[in-house]
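Asks: next input, structure requested:
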Amino acid sequence: MDHLTNVLTAISHPTRRAIIGQLANGPARFLDIAKPFDTALNSVTKHLKLLERAGLIERRKQGREVFISFRAEPLREVAGWVHEYERFWNERLDQFQQYFKNKNKETKS
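Replies: Below is the predicted model:
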């Protein structure tokens, strides 16, 4: 559950979600990632550290430059966790619907 907590924490902030959106288009250098944000570079660094701790990004050195890439695998864990609750609510809603169908039949009789 600890890893799931890290991933949920990482995607909880709009700036980090925007960074993920940016990196979904392909690897980028740090300054390219930071450019669209009206914030200090130190702040972007902190956001990247949280994303990296969650396993959502990885850094790859190519010559003198470091490229940051998006890793989608941790989001599968979140999707699986959410899916469990989706199943729970679908079952409850089906029961709710069946209750009203039965109630409707009783009143018509």
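Asks: need the contact list for Ile57.
Replies: By Cβ atoms under 8 Å, 6 or more residues apart in numbering, the contact set of Ile57 is Ile19, Ile20, Leu23, Leu48, Leu51, Ile68, Ser69, Phe70, Arg71. Bear in mind the C-beta positions are built from the backbone N, C-alpha and C, glycine included.
Asks: at 6 Å what do you get?
Replies: Leu51, Ile68 (Cβ atoms under 6 Å, 6 or more residues apart in numbering).
Asks: which residues of the protein fall in strands?
Replies: 28-29, 57-62, 65-70 (DSSP state E).
Asks: Serialize these to CSV and add fields for mean pLDDT.
Replies: Shown next, in CSV, are the strands of the chain (pLDDT from 0 to 100):
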stretch, mean pLDDT
strand 28-29, 97
strand 57-62, 96
strand 65-70, 97
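Asks: turn the ones you listed into a markdown table, including distance to Glu77.
Replies: Listed next are those as a markdown table, based on distance: least, Cβ to Cβ, whole Å:
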| stretch | distance to Glu77 |
| --- | --- |
| strand 28-29 | 24 |
| strand 57-62 | 15 |
| strand 65-70 | 15 |
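Asks: among these, which is nearest Pro36?
Replies: Pro36 sits nearest to strand 28-29 of all the strands of the chain, at 10.7 Å, using Cβ to Cβ.
Asks: all good on my end, thank you.
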